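> 3D model of this:
(one chain, ligands or ions: 1)
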Amino acid sequence: MSDFTHDFLHRFELERAGVRGVFVRLAESWRHVRERADYPPVLADLLGRTLAASALFTGNIKFDGALSIQIKQAGPVGLLFAECGSDGRLRGLARWQGDIAESSGLFHAQPAPLLAITIDNRESNQRYQGLVPVEDAQLAILFERYFERSEQLPTRVMLACGDGRCAGLMLQRIPGHVHADDDADAWNRVGHLLASASERELLTVAPEILLYRLFHEESVRLHAAKPLVFGCSCSRERVAAMLHSLGRAEAEAAVREDGVAEVTCEFCNTQYRFDRVDLEQVFRSGQDVPVAPTQH
Ligand SMILES: [Zn+2]
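Model (predicted):
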């Protein structure tokens, strides 16, 4: 039995149906993300599902880097962002304005904003980005469309958020799997089985029990859990690079009366302080920034 009270990612296969899957549940990491801002409940729900999805989608790809999901627009929800690294570190945030009480109308209808899924591969220094328009649909359906259009991979996604947790369950046809003749409807069958799960089960039931409950006739092979944890990839070097890209005039405009410019990371609240000498070095070298202690 795995310890299902912690944040985890489980990969699994349904061998009879030729389907691979990923199951993710987040509690502690989700709490860290949620508590950074006073999110309206509807937006917190959306952010939790997006965070679970970002972890879910790292399950079936081999990479060394980070996968992010982002929707950016000029509507009530200005930004929705979640990221999960191949090392299992998660972060996320949303920006919004005005009152958000209903789950409809959060995104512009015309023109529909784009949902971007980006994979940054550190090893090869390559970036891959796929886009899908945010049409009037549940998040899980947008993701299914994304995988079918961008990856030509039949995919089922189920997401849940509530009671301090968020979770996701994904099924994907194994590319190139040859089905037995009498098993042509395997994909439809496992889709129906997935649809019989409730959001509450995704949030609360131990993974081996839930997967057995849903797919016991499909020969489930469950891989060991990978732990997930809140973590931010910000650093003094990255903040310095950001200040450099803003330009000298704008960076100097941020210097307060006490001679310090302070930059706070929105993901983790780490504060980075640059005095005039630091800034001088940022703009002289662009890269070689003195690493000073940061205040948390
Ligand atoms: Zn940070």
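
> now His216, what's its secondary structure?
Counting by DSSP: H, G, I helix; E, B strand; the rest coil, the backbone at His216 sits in helix.

> can you tell me which residues contact it?
Not one residue lies near His216 by Cβ atoms under 8 Å, 6 or more residues apart in numbering. Where C-beta positions appear, they are placed from N, C-alpha and C, glycine not excepted.

> how about 10 Å then?
Leu193 (Cβ atoms under 10 Å, 6 or more residues apart in numbering).

> Number the chain from 20, please
In the new count, where the first residue is 20, that last one comes out as His235.

> From the ion, how far off is it?
According to Cβ to the ion, to the nearest Å, His235 and the ion sit 43 Å apart.

> any idea how far Asp182 lies from Leu98?
Noted for Asp182: a distance of 26 Å to Leu98, by Cβ to Cβ, to the nearest Å.

> if you count what's nearby, which of those two comes out ahead?
Leu98 (13 against 10; other Cβ atoms under 10 Å).

> Touching, that one and Gln92? I think so.
Yes: taking contacts as Cβ atoms under 10 Å, Leu98 lies within contact range of Gln92: 8.1 Å.

> In three-state terms, label Arg39 for me.
Arg39 ends up strand, using three-state DSSP.

> typed the wrong thing, it's Leu66
helix.

> which residue does the stretch 20-169 of the chain bring closest to the ion?
Arg110 (7.2 Å; Cβ to the ion).

> That residue sits in which helix or strand?
According to DSSP states H and E, Arg110 maps onto strand 108-115.

> what packs against that strand?
Using 3 or more Cβ pairs under 10 Å, 6 or more residues apart in numbering; DSSP states H and E, the elements in contact with strand 108-115 are helix 47-53, helix 60-77, strand 84-91, strand 96-104, strand 248-249.

> and the ones you listed, which is most packed in?
helix 60-77 (a mean of 24; mean count of other Cβ atoms under 10 Å).

> how about the CA coordinates for that helix, as CSV?
C-alpha atoms of helix 60-77 as CSV (Å, rounded to 0.1, in the frame of the first residue of the first chain):
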residue,chain,number,x,y,z
PRO,A,60,-13.6,29.7,-4.6
VAL,A,61,-14.4,29.4,-8.3
LEU,A,62,-10.9,30.4,-9.3
ALA,A,63,-9.2,28.3,-6.6
ASP,A,64,-11.2,25.3,-8.1
LEU,A,65,-9.9,26.1,-11.6
LEU,A,66,-6.3,26.6,-10.3
GLY,A,67,-6.4,23.3,-8.4
ARG,A,68,-7.5,21.4,-11.4
THR,A,69,-4.9,23.0,-13.6
LEU,A,70,-2.2,22.2,-11.0
ALA,A,71,-3.2,18.6,-10.9
ALA,A,72,-3.2,18.5,-14.8
SER,A,73,0.3,19.9,-15.0
ALA,A,74,1.6,17.0,-12.8
LEU,A,75,-0.6,14.5,-14.7
PHE,A,76,0.9,15.4,-18.1
THR,A,77,4.5,14.9,-16.9
